[in-house]
Structures are given as C-alpha cells and as structure tokens.
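Student: Need coordinates for the following:
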Amino acid sequence: QVQPVESGGGLVQAGDSLRLSCAASGPTFSTRIMAWFRQAPGKERELVASISRTGIAISYADSVKGRFTISRDNAKNTVYLQMNTLKPEDTAVYYCAAGAPGGILRGLDSDFTSWGQGTQVTVSS
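Tutor: Residues are numbered from 1 along each chain as shown. The predicted structure follows:
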C-alpha cells in the first residue's frame, strides 16, 4: 500500500505558476500509475492528469492541456504537477492518487485506489 501526501498548494494570482508535489510512501511506487485530480466546490471531481509507471504515457484533461505538466521521479517516490498560466477556474482542492501495482493508464477514476488528503489551490483574478 502507498500513502500519497500532497504539498505545494496556496493562493496565487491569475497567470502565476505553482508546482504541486506528491510523496508516496512504500516500495512499490514505481509499479503504480499516478494521477492528479481536483474538485471545486459544487463540482464533480475531475481527473486532471495521469502518468504511467515509467512516465512515458501521459494524459491530460482538455481544460489544462498546454498549461499543466505531470511528471514523476521514481527514485524519490514523488509525482509532480507543474501548473502554469493559472486561471481562477483552476481553484480547487487537488488530490494525488495512486493505482494498484502493475496498472496501466485507462483514464478511469476507478483505477486509482490510494488517495491523499488534498491541497488547496486558490487562484485570484
């Protein structure tokens, strides 16, 4: 089992950048697909970005393509979300999630079985 722990959230202005980090404990990090989700008040949870075990395959929500970049460092058991050109509509709680060992990217929320507590990102206009 892995336990993701997010960090890096905060209050920024529109157009600013922010980098979120997610440290996941446990020896099986490199065998798991990872993802960032977000949920804004009154809205459904959204899969923002996901990354394969090796980092070769990556997927983004249309709403963040060209602005956000997901990456991972398996040596550090960490996944990152670089967020550029932030917009007020990016305001949400961002969650890091891990899939089961050996999983592949399918774009399904149900593929992710371990979740962090979330970090708040607030973008002011």
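Student: How about residue 26: what's its closest non-neighbour residue?
Tutor: Distances taken as C-beta to C-beta, 6 or more residues apart in numbering put residue 2 closest to residue 26, at 4.0 Å, once the chain neighbours are dropped. All C-beta spots, glycine's among them, are computed from the backbone N, C-alpha and C.
Student: Just checking, which helix or strand of this protein averages the lowest pLDDT?
Tutor: Within the chain, judged by mean pLDDT, DSSP states H and E, the helix or strand with the poorest mean is strand 112-115; its value is a mean of 94.
Student: Does anything pack onto it? Which helices or strands?
Tutor: When contacts are defined as 3 or more C-beta pairs under 8 Å, 6 or more residues apart in numbering; DSSP states H and E, strand 112-115 packs onto strand 92-99.
Student: Tell me which other helices or strands the strand it packs on touches.
Tutor: Taking 3+ C-beta pairs under 8 Å, 6+ apart as the contact cut, strand 92-99 packs with strand 4-7, strand 18-24, strand 34-39, strand 112-115, strand 119-124.
Student: Just want the most central residue of the chain.
Tutor: residue 36 (2.0 Å; C-alpha atoms, centre = their mean).
Student: what's the spacing between that residue and residue 26?
Tutor: 18 Å (C-beta to C-beta, to the nearest Å).
Student: So the residue nearest to residue 26: helix, strand or coil?
Tutor: Using DSSP: H, G, I helix; E, B strand; the rest coil, the structure places residue 2 in coil.
Student: Name all residues that make contact with it.
Tutor: Applying C-beta atoms under 8 Å, 6 or more residues apart in numbering to residue 2 gives the contacts 24-26, 28-29, 32, 98, 114.
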